[in-house]
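Participant: Any chance you can model this:
(chains A and B)
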Number of protein chains: 2
Amino acid sequence: MLEGVPFVSVSRGGRIESLHAVAACAATADGEILLALGAIDEPVYLRSSAKPFITAAAVRAGAAERFGLDDRDLAIMSASHNGEPDHVAAVAALLAKICAQPGDLQCGAHAPSYEPAALALTEPPTVLHNNCSGKHAGILALCRAIDAPFAGYLEASHPAQRAILALCERVSDDRFGADRLGVDGCGIPVYATSLRHAARSFARLATLTGLDDADAAALARVRAAMIAEPFYVAGTGRFDTDLMRAGNGRIACKAGAEGVHASALLDQGAGLVLKVVDGTRRAAAPAAVALLARVGALDDMQVSALGSHASHAVTNVAGLRVGTIEAISGN
Amino acid sequence: MLEGVPFVSVSRGGRIESLHAVAACAATADGEILLALGAIDEPVYLRSSAKPFITAAAVRAGAAERFGLDDRDLAIMSASHNGEPDHVAAVAALLAKICAQPGDLQCGAHAPSYEPAALALTEPPTVLHNNCSGKHAGILALCRAIDAPFAGYLEASHPAQRAILALCERVSDDRFGADRLGVDGCGIPVYATSLRHAARSFARLATLTGLDDADAAALARVRAAMIAEPFYVAGTGRFDTDLMRAGNGRIACKAGAEGVHASALLDQGAGLVLKVVDGTRRAAAPAAVALLARVGALDDMQVSALGSHASHAVTNVAGLRVGTIEAISGN
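Facilitator: Numbering: from 1, shown residues only, chains lettered A, B, ... in the order given. The predicted model follows:
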């Protein structure tokens, strides 16, 4: 059973109105547990938090060298982006480098998740606006690198997905049989692993240890790209972007749907992965900031710089503050 | 502490991805507890679930007789409506009856919550599209009935709000001091009461007992209107509307924000009120259907008729079903 600890409160008028439980694990690359909350051995879907490893599979297969991919390309491949014009341009540029078309992407179209970008559209959104379009383009780059067809690239049996899942198994020391696989919102396979193993995989993204040289080199390249181009991993106002900026090059992080957050902590040689048990996004950033501070990955000034992520205002239609979403005091 | 029981699961690929805890109470008008889940004595904000009592305060003050309000007027006054054209027309008609203007409503504008209605708009949404516009119009009707000014009608100290809170205290056998009040999304005061007391207040909406004659008559009038015009309480595809239809005149119900559901159960002489602890709307209907069946307020055929509310599909961008939101088996 997926179990957590009451951790993030939603208050109104000074009274707690709703409560979010969180499960979390911080661990080193060799498995030492630094922090455990709730059920850390229950498999959970990492969802988009796995994107850095998807990108790493493409890099390991030689896509970065073969197509001259730069930090921006690797960052957008690892992104759940806002669909801002610069994100759309980055995906288009990546597709051009790998001789692919927007029509090759099977992620489907949705409006930009960044509301000003959605409101500014004068035509219907395209597949490029889908927050996962960079990841899909990255999987196409992997297809090119291994000479696999684009056809069927969403299927778990496709050579590209097999290469991705194999890398994810190696970095997490886990195996993803059929009972561990689901289908993500954008159509690709997602895997479930325990928070303990997920934390280990992000610790390896931090330390580059316990891996063969090719995996280590690929993870190093992806991590450097995410840290160098945090805007392209998420976008304006987004927690991942702002956390990597506040982290001063010592944190690489990626959110996942249904309340997942994952960080590679370079100074601690550790990974931190959390799951909001009820899957609600609004609780993930306040929980992440509190737990990152607890393991020493953020100091008071950094927490302060992340203020609006650590503690969101609840506002009414008139824009007046009527409550707060924040980690419960003492956590 | 707001505590619940794991009750609604969100699955993906046959594995539980997220879990919602629920607190709930079913009680009779004289306080017999028929069902208790989690913390039933912790005050929770009823939010829009209190709207039938707001309407009742206007009816008790004579607004229905004075302005010739019919079932549709009283239903839209008790609504969190979809902003569909018929809802907007109903609020406009109500305003005309009480000699008020849209500009008198202080709820603010937002796009219709029913997406087809939002997409069909050719001009910016108005205050009439706000899901609470009928309630605000109803408060203006109350102002007219008690010869109070419209100015300041959002304030807890305004005579209209005092009349509303006094009726809510009477029906729930509770007192709402400053520590029990917050501000709702649309600006009016909201009160927190325990699920035990909230269930009692909805039991009274079902039995009309334990009240003075004027309150009983007002509640009877509001209940009849909601049951007669369920479309105007919510709208197309909405759980409240469909539950009242499935209830064949024996259930009057009203959802509230942050995962509240409240039903008056005429055959059981009881009220059922539940709160999704984490405040997520997606879990409220599956939990309500399961609990209503448990207390005998819905039979198998009625549950079946509510199928898509009892069990939602999780779909991906391509529209394929990749999971399910439903009450956990055995609940």
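Participant: what pairs with the helix or strand containing A:Gly271, and is each one parallel or antiparallel?
Facilitator: Under the criterion of DSSP states H and E, A:Gly271 resides in strand A:270-276. Strand pairing for strand A:270-276, determined by DSSP bridges: strand A:15-28 (antiparallel), strand A:260-265 (antiparallel).
Participant: Return the set of buried residues in the helix or strand following that strand.
Facilitator: Remark: after strand A:270-276, the chain's next helix or strand is helix A:284-294, criterion DSSP H and E. Of all the residues in helix A:284-294, those buried under the rule 16 or more other Cβ atoms under 10 Å in any protein chain shown are A:284-294. All C-beta spots, glycine's among them, are computed from the backbone N, C-alpha and C.
Participant: Now do helix A:284-294: everything it contacts.
Facilitator: When contacts are defined by Cβ atoms under 8 Å, 6 or more residues apart in numbering or on different chains, helix A:284-294 is touched by residues A:7-8, A:20, A:22, A:24, A:26, A:35, A:37, A:239, A:243, A:251, A:253, A:255, A:259-261, A:263, A:265, A:272, A:274, A:276, A:298-300, A:303, A:306, A:309-312, A:325-327, A:331.
Participant: Return the members of those classed as buried.
Facilitator: A:7-8, A:20, A:22, A:24, A:26, A:35, A:37, A:239, A:243, A:251, A:253, A:255, A:259-261, A:263, A:265, A:272, A:274, A:276, A:298, A:303, A:306, A:309-312, A:325-327, A:331.
Participant: Can you name every helix or strand that the longest helix seen in chain A contacts?
Facilitator: If you go by DSSP state H, chain A has its longest helix at helix A:213-228. When contacts are defined as 3 or more Cβ pairs under 8 Å, 6 or more residues apart in numbering or on different chains; DSSP states H and E, helix A:213-228 sits against helix A:51-60, helix A:71-77, helix A:159-172, helix A:195-207, strand A:251-256.
Participant: Mind putting the ones you listed into a markdown table with distance to chain B and mean pLDDT?
Facilitator: Shown next, in a markdown table, are these (distance: least, Cβ to the nearest Cβ, whole Å; pLDDT from 0 to 100):
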| stretch | distance to chain B | mean pLDDT |
| --- | --- | --- |
| helix A:51-60 | 16 | 98 |
| helix A:71-77 | 18 | 98 |
| helix A:159-172 | 14 | 98 |
| helix A:195-207 | 13 | 98 |
| strand A:251-256 | 11 | 98 |
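Participant: what stretches of the stretch 201-331 of chain A score poorly on pLDDT?
Facilitator: A:330-331 (pLDDT under 70).
Participant: How about the stretch 101-250 of chain A, which of its residues are in the neighbourhood of chain B?
Facilitator: A:106-110, A:130, A:179-187, A:190, A:192 (Cβ under 8 Å from any Cβ of the partner chain).
Participant: Relative to B:Ala252, how far out is the most centrally placed residue in chain A?
Facilitator: In chain A, the residue lying closest to the centroid (Cα atoms, centre = their mean) is A:Lys254, at 2.5 Å. Per Cβ to Cβ, to the nearest Å, A:Lys254 is found 47 Å from B:Ala252.
Participant: what's the answer for A:Ala92, then?
Facilitator: Taken as Cβ to Cβ, the span from A:Ala92 to B:Ala252 is 54 Å.
Participant: Next: A:Phe176.
Facilitator: Taken as Cβ to Cβ, the span from A:Phe176 to B:Ala252 is 49 Å.
Participant: higher neighbour count, these two?
Facilitator: Neighbour comparison, A:Phe176 and B:Ala252: the larger count goes to B:Ala252, with 29 against 19 (by other Cβ atoms under 10 Å in any protein chain shown).
Participant: List the contacts of the more buried one.
Facilitator: B:52, B:205-206, B:223, B:226-227, B:244, B:263-264, B:266.
Participant: what number of residues lie near A:Arg282?
Facilitator: For A:Arg282, using other Cβ under 10 Å, the count is 18.
Participant: same question, A:Ser157
Facilitator: Per other Cβ under 10 Å, the neighbour tally for A:Ser157 reads 8.
Participant: In three-state terms, label it for me.
Facilitator: Classification of A:Ser157 using DSSP: H, G, I helix; E, B strand; the rest coil returns coil.
Participant: What score does it have for pLDDT?
Facilitator: Looking at A:Ser157, its pLDDT stands at 96.
Participant: so what's the backbone phi/psi at it?
Facilitator: Per-residue torsions, A:Ser157: phi -90, psi -10 (degrees, to the nearest 10).
Participant: can I get the buried residues of helix A:284-294 in JSON lines with distance to A:Ala199?
Facilitator: Formatted as JSON lines, the buried residues of helix A:284-294 follow (distance: Cβ to Cβ, whole Å):
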{"residue": "A:Ala284", "distance to A:Ala199": "15"}
{"residue": "A:Ala285", "distance to A:Ala199": "18"}
{"residue": "A:Pro286", "distance to A:Ala199": "19"}
{"residue": "A:Ala287", "distance to A:Ala199": "14"}
{"residue": "A:Ala288", "distance to A:Ala199": "13"}
{"residue": "A:Val289", "distance to A:Ala199": "17"}
{"residue": "A:Ala290", "distance to A:Ala199": "16"}
{"residue": "A:Leu291", "distance to A:Ala199": "11"}
{"residue": "A:Leu292", "distance to A:Ala199": "13"}
{"residue": "A:Ala293", "distance to A:Ala199": "17"}
{"residue": "A:Arg294", "distance to A:Ala199": "14"}
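Participant: show me what contacts the residue of the stretch 201-331 of chain A found nearest chain B?
Facilitator: The stretch 201-331 of chain A approaches chain B most closely through A:Gly279 (3.1 Å), counting by Cβ to the nearest Cβ. By Cβ under 8 Å, 6+ apart, A:Gly279 lies in contact with A:257-259, B:10, B:17-18, B:280.
Participant: Much appreciated, bye for now.
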